[in-house]
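> sequence and predicted model, in that order:
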Amino acid sequence: MSGGAGGGAVGSAKTPADFLKSIRGRPVVVKLNSGVDYRGILACLDGYMNIAMEQTEEYVNGQLKNKYGDAFIRGNNVLYISTTKRTLGD
Amino acid sequence: MARGLVSVNERSEDGGPFLETVNEERVAHVQPSVGIVLGESPAEQPGTLYVTTRRLVWLSDEDVHKGYAVDFLSLTMHAISRDEDAYPQPCIYSQIDGGEDEDEEYDEDGTDDGAEEPLDSENHGSVGDFSYVTEMRLVPRDASSLDHLFQVLCDCAALNPDPEGEQEGEGDWFFNEDEVMSNVIGGDRVNNHVDLAELLMQDPRFEDADEEESGT
């Protein structure tokens, strides 16, 4: 399966819930309503889109601003979660 | 609703914060010897961190009238920070939503938001509006406690979903399987047939009305 979000699996019924189960442990981009990006490895998330991730990097206006280990992001601020290809250590 | 950071000026007889029993607030974790950093200000320490099922409360060990609290509804994120470029000591880094539009400079009644709110005894002496604080670090003297502290914050944050969610199902996904499969919501496109004429809407009923009529 490619790293793109959705769309790539021919013939299988992919629901949003399936997508979220399939991306655990993968590098993801989480974009907040504020426009801030968090990139890291998705550890887990719940039905409120609360997100826990590891090796987290925070990008503001496309620029790396901070690096964290484990991070927790409150779901009501999340605009979207997307998978991504990571060139570092993937 | 997100209130942001507030100051806490009174504490209960056991030295801990007053708990809001109407919310069944309980203390989940107590971490002694913690410094607190608000924004770019210098660290305030030493203090004791109380993680409750509703809030983070930091109470100064030296000044019994000094403390801060932020509810989980206001905590947009928290993380373990070991990046020495960001802060020299390992700490919990968090971002706080003050509940106001960042461009807003005025209270709801239109007055300048620079002044502190008056003493309100119903809030157990909570005064001071620190809703302008958007970043907070918690620096435990014992850095090995960070992982556990982070997890406690995750657990307690998860106990505090928004009371009026934008989604009606409280986190449930709404989707119609048929719609997904027929490409209305991004399903497999291969078998979808598009009727171009229909798309162009040649139906004369949808033409603009003539404007030559008088009166209306």
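Cool, got the structure. Numbering: from 1, shown residues only, chains lettered A, B, ... in the order given.
> pop out the phi and psi values for residue B:55.
phi -150, psi 170 (degrees, to the nearest 10).
> mind checking how far residue B:18 is from chain A?
Distance, residue B:18 to chain A, by CB to the nearest CB, to the nearest Å: 25 Å. For every residue, glycine as well, the C-beta is placed using N, CA and C.
> wait, doesn't that residue sit right on residue B:27?
No. Using CB atoms under 8 Å as the test, residue B:18 is too far from residue B:27 to be in contact (11.4 Å).
> what about those two, which has more around it?
More neighbours surround residue B:18 than the other of residue B:18 and residue B:27, with 16 against 13 (other CB atoms under 10 Å in any protein chain shown).
> check contacts around residue 68.
As the question left the chain open, I've gone with chain A. By CB atoms under 8 Å, 6 or more residues apart in numbering or on different chains, the residues touching residue A:68 are A:56-58, B:79-83, B:93.
> um, chain B though
Applying CB under 8 Å, 6+ apart, we find residue B:68 in contact with B:5-8, B:36, B:38, B:57-58, B:130.
> so how far is chain A from it?
In this structure, residue B:68 and chain A are 19 Å apart, going by CB to the nearest CB.
> beta partners for that residue?
residue B:7, residue B:58 (DSSP bridges).
> could you check the pLDDT of it?
pLDDT, residue B:68: 96.
> what's the burial count for the residue nearest to residue A:80 when sequence neighbours are not counted?
Among residues not flanking residue A:80 along the chain, residue A:31 sits closest, at 5.3 Å (CB to CB, 6 or more residues apart in numbering or on different chains). Using other CB under 10 Å, residue A:31 has 17 neighbouring residues.
> for residue A:31, list each beta-bridge partner.
Going by DSSP bridges, residue A:31 forms beta bridges with residue A:37, residue A:80.
> which bits of chain A sit near chain B?
A:6-7, A:10-11, A:13-17, A:32, A:38, A:46-50, A:52, A:56, A:66-77 (CB under 8 Å from any CB of the partner chain).
> follow-up on the earlier one: nearest to chain A among the contacts of residue B:68?
residue B:5 (15.3 Å; CB to the nearest CB).
> contact partners for the closest residue in space to that closest one that isn't next to it in sequence?
Among residues not flanking residue B:5 along the chain, residue B:130 sits closest, at 4.0 Å (CB to CB, 6+ apart). Taking CB under 8 Å, 6+ apart, we find residue B:130 in contact with B:4-7, B:38, B:68.
> tell me the most packed of those, by neighbour count.
Using other CB under 10 Å as the neighbour criterion, residue B:5 leads the contacts of residue B:130 with 26 neighbours.
> at the geometric centre of chain A, which residue do we find?
residue A:28 (3.1 Å; CA atoms, centre = their mean).
> would you confirm that residue A:40 contacts residue A:53?
Yes. Using CB under 8 Å, residue A:40 is in contact with residue A:53, at 3.9 Å.
> tell me the gap between the lowest-mean-pLDDT helix or strand in chain A and the middle of its chain.
When the helices and strands of chain A are scored by mean pLDDT, DSSP states H and E, helix A:16-22 comes last with a mean of 81. The chain centre lies 12 Å from the centre of helix A:16-22; the measure is CA atoms, centre = their mean, to the nearest Å.
> hang on, isn't residue B:77 packed against residue A:73?
Yes. At 4.6 Å, residue B:77 counts as touching residue A:73 under the criterion of CB under 8 Å.
> now for the two: what residues contact both?
Common neighbours of residue B:77 and residue A:73 (CB under 8 Å, 6+ apart) are residue A:38.
> helices of chain B, start to end?
Assigned by DSSP state H, the helices in chain B fall at B:146-158, B:177-181, B:196-200.
> least confident of the ones you listed, on average?
Across those, the lowest-scoring stretch is helix B:177-181, with a mean of 62.
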